[in-house]
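In: predicted coordinates and the sequence they were generated for:
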Amino acid sequence: MRHSPHEDPRLAGRTLEPLAGGWSGETFLAVPAAAGGEPLVARYFAAAHHAPQAAGIQAALLRQVRGLLPVPEVHGAYDGDGPVPGLLLTELLPGERGDLVLGRLVTAARYDDLRTLGRALGGVAGTLAGVRMPEVGLFADATLRIEPFRLRLPGWVDDHARGLAAAGWSAAETAALRAVAERVGPALEGAPPCLVHSDLNPKNLLVDPVALRVTGVLDWEYAHAGHPATDLGNLLRFDREPAYVEGVLEGWCAAVGRATGSRPDPAAATDLARAADLVALVELAARPVTTPVVRRAREHLRAIARTEDVHAVP
């Protein structure tokens, strides 16, 4: 980090402790020195991929969805300025990371609870799918002005072909993947854009481990205006336990039905979700570094290319 958080004047009177679950290494618990003060979550935006306005954009998004979803209250947002990274201060929400809760339920084969948790998580994705946006694109600043972009799935594969080759993909594998994209891509076109979290997986959700309800939706750095099935695809990407999948689809379809007046068919929603998730899988698989998530994305994408089936698993 270019600017040490331990010397940050924006956090006067607070000490920082690394926050468990902050995978980026940019998230801390800001503990007040004075007794009785409220601890806050301090999220820095120091990595090169963050825009200088990242803190302001996330603050605006949190304010927009507050009341629709359980998100933390914003206590301060500071955009980046030269060597000083952006900083977002929010309240600390209760709950346990959703991936930990989900893992325990799968291990214990608690199928009814898996359906309950799935419905709660799917409801979050479905609620976001009902938040309409004027066009597809990225948020440019704290006014949530959209910089439009057009993405077609076959062209997206072409754009990442070099990265896939560097990761060991053969030309035949990439061609097979492009053929899949040509086949399923048209189904993604023409949908009304909505607010997409774009990293909506259980590790970015806080859950009450007893009631199995969502207590927090975190980490909005990849949020944009996009396809309504994108977040559903993320929730179903790696977690394939049937009871969980059934619950996610039930929660998503119910929430979309409430927002639009027309409840989607679960099978059709699954097809769209798998197709929409190809965008993220391709980007992950083509990254120049190999992390556990990138490795899993490559395995799934190879299975899809090999079988020409978006539902394939390794």
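Out: All right, it came through fine. Numbering: from 1, shown residues only.
In: nearest residue to Thr259 in space, please, no chain neighbours.
Out: Careful, residue 259 is Ala; it's not Thr. In this structure, Ala259 finds its nearest non-sequential neighbour in Gly130, 2.7 Å apart by CB to CB, 6 or more residues apart in numbering. Just so you know, the C-beta spots here come from the backbone N, C-alpha and C atoms, and that holds for glycine as well.
In: and the one you found, how close does it get to Tyr78?
Out: 31 Å (CB to CB, to the nearest Å).
In: downstream neighbour of the host helix or strand of Asp112 in the secondary structure list?
Out: Per DSSP states H and E, Asp112 falls inside helix 111-129. The element immediately downstream of helix 111-129 (helix or strand, assigned by DSSP H and E) is strand 137-139.
In: show me where this protein has helices.
Out: 54-65, 98-107, 111-129, 153-159, 161-166, 171-184, 230-235, 242-260, 266-285, 292-307 (DSSP state H).
In: gap between the fourth one and the chain center?
Out: On the basis of CA atoms, centre = their mean, to the nearest Å, helix 153-159 sits 21 Å off its chain's mean C-alpha point.
In: hmm, back to that, Pro85: which of the helices of the chain is closest?
Out: helix 54-65 (8.7 Å; CB to CB).
In: and the closest one with helix 111-129, angle?
Out: Counting by axes from the mean of the first three to the mean of the last three CA atoms, to 10 degrees, helix 54-65 lies at 100 degrees to helix 111-129.
In: count of neighbours near Gly261?
Out: 7 (other CB atoms under 10 Å).
In: what does Ala48 give?
Out: 4.
In: what do you get for Val74?
Out: Residues near Val74, counting by other CB under 10 Å, number 18.
In: quick check: Thr215 touching Val207?
Out: Yes: in this structure, Thr215 is within contact of Val207 by CB atoms under 8 Å, at 6.4 Å.
In: which residues do those two both contact?
Out: Counting by CB atoms under 8 Å, 6 or more residues apart in numbering, the common neighbours of Thr215 and Val207 are Gly95.
In: so between these two, which is more surrounded?
Out: In this view Thr215 and Val207 are compared by other CB under 10 Å, and Val207 has more residues nearby, 24 against 17.
In: check the gap between the more buried one and Leu88 for me.
Out: According to CB to CB, Val207 stands 22 Å off from Leu88.
In: for the stretch 151-300 of the chain, what are the low-confidence residue spans?
Out: Within the stretch 151-300 of the chain, no stretch falls below the threshold (pLDDT under 70).
In: follow-up on the earlier one: other SSEs contacting the helix holding Asp112?
Out: Judged by 3 or more CB pairs under 8 Å, 6 or more residues apart in numbering; DSSP states H and E, the packing partners of helix 111-129 are helix 98-107, strand 194-196, strand 205-207, strand 214-217, helix 230-235, helix 242-260.
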